[in-house]
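*Asks:* Sequence and computational prediction follow.
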2 protein chains.
Amino acid sequence: MNIFSEIPKDLTEEIFEDIIKTKNLKIERIISYGQTSPKSGWYESQENEWVIVLKGEAILSFENSDDVRLNAGDYINIPALKKHKVSWTLPDTETIWLAIHY
Amino acid sequence: MNIFSEIPKDLTEEIFEDIIKTKNLKIERIISYGQTSPKSGWYESQENEWVIVLKGEAILSFENSDDVRLNAGDYINIPALKKHKVSWTLPDTETIWLAIHY
């Protein structure tokens, strides 16, 4: 299995795919294609999330802190309940994320 | 933080770096530089390990099953207690792994 392979053809919606899922852990592949979160509202998870961009580029925004731009290889830990959103991803190509929810 | 950055200069020994460590989870960067496991003996972990090669190439060997060659982006899940070893990594350059122990 390769994280860069088997990209679905229809990327009109952001894609979330479980790779590993247990009681305490989820390893997930996320594929964005220029999508961003809705302008209003935040993601606010009950779990911690460690995320790395493996291809493409993205900007994460946080409530009460600066935006973070992520290029390939950049990673960040998002603690549970920290309000965040994806403000931008590279248009015209896929951005591939690996997310570890724990 | 970038998974491809801050590579230590001395790679005579394989390098293991914790990125996240909790009671139930460890996210680790491993940097190999042509090293392999000892010819005799196996790794046999009490925990499951999901591993992805992000740069370089490697061959994993398993007791009682075929070798698996991993190129950049290839991932594999190694269940707890499954005997395995790194038989080969690309010489003359670093192989960068991300390992999730869970």
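*Replies:* Right, received. Where do you want to start?
*Asks:* only C-alpha atoms for contact and neighbour calcs from this point on.
*Replies:* OK.
*Asks:* Just the element for A:Thr93, please.
*Replies:* Assigned by DSSP states H and E, A:Thr93 belongs to no helix or strand.
*Asks:* what's the weakest-modelled helix or strand in chain A?
*Replies:* Lowest mean confidence among the helices and strands of chain A (mean pLDDT, DSSP states H and E): strand A:84-89, at a mean of 94.
*Asks:* neighbouring contacts of that one?
*Replies:* A:32-37, A:42-44, A:56-63, A:95 (CA atoms under 8 Å, 6 or more residues apart in numbering or on different chains).
*Asks:* Just after that strand, pick out the following helix or strand.
*Replies:* strand A:95-101.
*Asks:* Return the list of helices and strands in contact with that next one.
*Replies:* Applying 3 or more CA pairs under 8 Å, 6 or more residues apart in numbering or on different chains; DSSP states H and E, one finds that strand A:95-101 contacts strand A:26-32, strand A:49-55.
*Asks:* Can you tell me the strand partners of it and which way each runs?
*Replies:* In the sheet, strand A:95-101 lines up against strand A:26-32 (antiparallel), strand A:49-55 (antiparallel) (DSSP bridges).
*Asks:* interface residues of chain A facing chain B?
*Replies:* Contacts of chain A with chain B, taken as CA under 8 Å from any CA of the partner chain, map to A:1-4, A:24-25, A:73-76, A:102.
*Asks:* distance of the spatially most distant residue from the centre of chain A from A:Ile15?
*Replies:* The outermost residue of chain A relative to its centre, with distances by CA atoms, centre = their mean, is A:Lys23 at 20.7 Å. A:Lys23 sits 22 Å away from A:Ile15, going by CA to CA, to the nearest Å.
*Asks:* you'd agree A:Trp42 is up against A:Lys83?
*Replies:* Yes. At 5.5 Å, A:Trp42 counts as touching A:Lys83 under the criterion of CA atoms under 8 Å.
*Asks:* between the least confident helix or strand of chain A and strand A:26-32, how many degrees?
*Replies:* 30 degrees (axes from the mean of the first three to the mean of the last three CA atoms, to 10 degrees).
*Asks:* chain center to strand A:84-89: distance?
*Replies:* 8 Å (CA atoms, centre = their mean, to the nearest Å).
*Asks:* What of stretch A:42-59?
*Replies:* The answer for stretch A:42-59 is 4 Å, by CA atoms, centre = their mean.
*Asks:* mean confidence score for it?
*Replies:* Mean pLDDT, stretch A:42-59: 96.
*Asks:* With stretch A:11-19 instead?
*Replies:* pLDDT averaged over stretch A:11-19 gives 93.
*Asks:* can you check stretch A:95-102 too?
*Replies:* Stretch A:95-102 comes out at a mean pLDDT of 98.
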